[in-house]
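> After the sequence you'll find the predicted model.
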Amino acid sequence: MFKTQLQLKSISEVALELQVSELTIRNWVKTGFLSVSENGKIPQESIDFFFEKVAGKQKLNARANKRLKDFHNHDEISEEIQNKINRTKNPEILGITYENALSDSYKNKEGIYYTPDFIVKDMMKGFEENLSHKTFLDPCCGSGNFILEAIRLGFKPENVFGYDIDQNAVEITKKRIFEQTGYYSKNIVTADFLEKSIQEKKKFDFIFTNPPWGKKISKKEKQKYGKLFGAGKSLDTASLFLFRSIELLRKNGKLGFLLPDSFFTISVFEDVRKKVLEHQVDRLIDYKKPFKNLLTKAQAIVLTKETSSENHLVSCELEGVINKRNQSSFIKNPKLILNFSTTQSEAELVKYIYQKPHITLKNNAVFGVGIVTGNNKMLCKTKPKKGWIPVYRGSDISKEGLKKATCFIDKNLKKYQQTAPEYLYQAQEKLIYKFISNQLCFYCDTKQRYVLNSANLLVLNPTFPVSGKELTKLLNSDFMTWLFRKIFTTHKVLKSDLEHLPIHFEYFEKYGNFTEQNYLEYLGIKKSKGTYVLK
């Protein structure tokens, strides 16, 4: 009797089949969810077992769950929509129907979030000039909300252009234009803007859009377009669309982009923020969380393609309140962050704080991540066992101290998905801090404790002029949390942000120990009505 030969697949083949990264497959192998043969390949029966018994039932497998939950059949939807396009007299409702028919996973993959009408109207308000001879482009038009608003405002339909990779969305847009104007447009076409724009010679007076957020394209494509468009390190699809759109905008033309809030703060978007700030930024607008099933906030930039004057004021709009902010104040921010919830007076105080002699943690500390087990429910226990160690979570850290450990893991760190080098956990003195938090919360550890990934850590260089204990007091102060929030406007305490905080070493030379009262005295500021002002 002959043994049946196992069907084996490489990690890359399984990653392609499951529509996740190779790193994710390796992590599932490491944590025991997928078995591997002696030659490093994965048996098909292990993959089948994974889907039958694991995926969709355990939190670890959110990526696999996404695949399982996508019952999206684009061909069936296309056929149904095409039939409705031919029959309907109300294509505006058809656009909403089509959006609702798309699965969450498909929208996530393509970065598709159709823009609500109230946002479109608000972004495009205030156009006082005669628009009848101006050109308008939406480089990813969807079902046409920006385009129809442009026509309503006075752009001639023959001067309005739009691209989208989704043929159904393009047909809906053309139908909507026809029903509103009687004009059948040939300027709304099915095309990939990033590719099409390479040959595009035409310049436009207005470009308004909601680009795909984090659309899944290959690394090779990102590098190709990034090089062509001069995008630097900002290679997200939203950034690539913005770089190219600015190039296609006529001098003194207007551009409006709806973007995720991360665009305004995190490091990977710094190069595209630099590009934006080369021009006159007219408005920065916060629309909170307008998209169903998406936790990300939506915010908008409206700019004019001309050099900003030294005293140009940007309209910063949040929750119906408008503050005017000097554009140069953003240029002076760390990483060119567009922290437009910060007022002009607060921005001037931040500038003053940074003008005082200081050092930063950049190149002065080694940072490390908390332990990523891959499955806390399976690998963490509430009671200690032989050979296990206590591990602390972000919720265990407070400004008053450290709670008693209630979580324990196997001391063999090789079992886990991701860890810092063990010498960092074993450092004689290290700072551990909450990772998910809108305020700074640190603890100075001298007992070689371990932390999970809801907390991170840093070890100061031996030559750093402030002790870990005193630095902890400074970082836990009300003022430093205020400063952190005014600059970075985030709910995560990121290494790149901590590395830009000013550490005023001269204070410690003068006062020795830290107290907030003495620190404010040293800075020459005081607390007033929930904020800080110069004395």
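On my side now, so go ahead.

> how about low-confidence regions in the stretch 101-250 of the chain?
101-113 (pLDDT under 70).

> now the helices for it?
104-110, 117-123, 145-153, 167-181, 193-199, 219-229, 237-247 (DSSP state H, counting those that start in this stretch).

> Could you point out which of those helices sits nearest Glu278?
Ranking the helices of the stretch 101-250 of the chain by proximity to Glu278 (CB to CB) places helix 237-247 first, at 8.6 Å. (Glycine included, C-beta is placed from N, CA and C.)

> Just name the shakiest helix or strand of the protein by mean pLDDT.
Lowest on mean pLDDT, DSSP states H and E among the helices and strands of the chain sits helix 62-69, with a mean of 44.

> Give me the buried positions along stretch 381-401.
Within stretch 381-401, the residues that count as buried by 16 or more other CB atoms under 10 Å are 389, 391-394, 396-397, 399.

> I'd say Met278 and Thr304 touch.
You called it Met, but residue 278 is Glu. No - Glu278 is beyond contact range of Thr304, at 11.6 Å (criterion: CB atoms under 8 Å).

> which one of the helices of the stretch 101-250 of the chain lies closest to Val272?
Nearest of the helices of the stretch 101-250 of the chain (CB to CB): helix 237-247, 4.2 Å.

> Given the strand ranked longest in the chain, what are its sheet partners and their directions?
If you go by DSSP state E, the chain has its longest strand at strand 249-260. The strands beside strand 249-260 in its sheet (DSSP bridges) come out as strand 204-209 (parallel), strand 298-304 (antiparallel).

> same for the next helix or strand after that strand, what does it pack against?
Later in the chain than strand 249-260, the nearest helix or strand by DSSP states H and E is helix 270-276. Applying 3 or more CB pairs under 8 Å, 6 or more residues apart in numbering; DSSP states H and E, we find helix 270-276 packed against helix 237-247.

> So what touches the helix it packs on?
111, 137, 139-140, 193-194, 197, 207, 209, 211-215, 217, 222, 225-226, 229-231, 234, 255, 257, 259-260, 263, 269, 271-272, 275-276, 279, 305 (CB atoms under 8 Å, 6 or more residues apart in numbering).

> do the same with stretch 411-419
Residues contacting stretch 411-419 (CB under 8 Å, 6+ apart): 27, 30-31, 369, 371-374, 379, 387-389, 409, 422, 453.

> buried subset of those residues?
By 16+ other CB under 10 Å, the contacts of stretch 411-419 give 27, 30-31, 369, 371, 373-374, 379, 389, 409, 453 as buried.

> Closest to Asp286 out of the residues you listed?
Using CB to CB, these come closest to Asp286 at Asn453, 29.2 Å.

> could you measure that closest one against Lys219, distance?
Distance, Asn453 to Lys219, using CB to CB, to the nearest Å: 25 Å.

> okay, and for the chain, where does confidence drop off?
1-7, 12, 15-23, 30-32, 37-39, 45, 48-113, 293.

> and this structure, what are its domains?
As given by automatic domain parsing, the domain ranges for the chain are 8-69, 75-341, 365-534.

> highest average neighbour count across those domains?
Between the domains of the chain, domain 75-341 has the highest mean count of neighbours, a mean of 18, where neighbours are mean count of other CB atoms under 10 Å.

> follow-up on the earlier one: nearest to Ile353, out of the domains of the chain?
Nearest of the domains of the chain (CB to CB): domain 365-534, 6.1 Å.

> Centre of the chain to the closest one, how far?
Centroid separation for domain 365-534 versus its chain: 23 Å, with CA atoms, centre = their mean, to the nearest Å.

> Now do the contacts for Ser315.
Taking CB under 8 Å, 6+ apart as the test, what Ser315 contacts is 282-284, 322-324.

> So which of those residues are in strands?
Cross-referencing the contacts of Ser315 against strands under DSSP E gives 282-284, 322-324.

> show me where the stretch 301-450 of the chain has strands.
313-318, 321-326, 365-369, 388-392, 397-398, 401-402, 408-410, 430-434, 442-445, 450-451 (DSSP state E, counting those that start in this stretch).

> would you turn those into CSV with distance to Ile487?
What follows is these, written out as CSV (distance: least, CB to CB, whole Å):
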stretch, distance to Ile487
strand 313-318, 15
strand 321-326, 14
strand 365-369, 19
strand 388-392, 28
strand 397-398, 22
strand 401-402, 27
strand 408-410, 35
strand 430-434, 17
strand 442-445, 17
strand 450-451, 25
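
> nearest to Leu494, of those strands?
strand 365-369 (9.9 Å).

> Tell me which of the strands of the stretch 301-450 of the chain lies nearest to Thr296.
Closest among the strands of the stretch 301-450 of the chain, once you apply CB to CB, is strand 313-318, at 16.2 Å.

> Need the contact partners of the longest strand of the chain.
115, 119, 123-124, 127, 203-211, 213-214, 238, 241-242, 245-246, 282, 287, 296-306.

> and Gln180, which of the strands paired with strand 249-260 is closest to it?
Nearest to Gln180 among those is strand 204-209; the distance by CB to CB comes to 17.6 Å.

> which residue is nearest the middle of this structure?
Nearest to the mean C-alpha position of the chain, by CA atoms, centre = their mean, lies Ser262 at 3.6 Å.

> ok, now which ones touch it?
269, 296.

> try it again with 10 Å
By CB atoms under 10 Å, 6 or more residues apart in numbering, the contact set of Ser262 is 213-214, 236, 238, 268-269, 296-297, 299, 490, 492.

> Reformat these as TSV; add distance to Arg176.
Shown next, in TSV, are these (distance: CB to CB, whole Å):
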residue	distance to Arg176
Trp213	24
Gly214	27
Asp236	29
Ala238	25
Val268	35
Phe269	32
Thr296	27
Lys297	28
Gln299	27
Thr490	38
Lys492	40
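
> and the two most separated of those residues?
Counting by CB to CB, the most remote pair of those is Ala238 and Lys492, 19.2 Å apart.

> quick check, nearest of the ones in strands among the contacts of Ser315 to Lys529?
For the ones in strands among the contacts of Ser315, the nearest to Lys529 is Asn323 (15.5 Å; CB to CB).

> The closest one and Asn339 touch, don't they?
No - assessed by CB atoms under 10 Å, Asn323 is found out of contact with Asn339, at 11.6 Å.

> who touches both of those two?
284, 316, 346-347.

> Mind putting those into JSON lines with distance to Glu521?
Converted to JSON lines, the shared contacts of Asn323 and Asn339 look like this (distance: CB to CB, whole Å):
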{"residue": "Leu284", "distance to Glu521": "35"}
{"residue": "Cys316", "distance to Glu521": "31"}
{"residue": "Glu346", "distance to Glu521": "20"}
{"residue": "Ala347", "distance to Glu521": "23"}
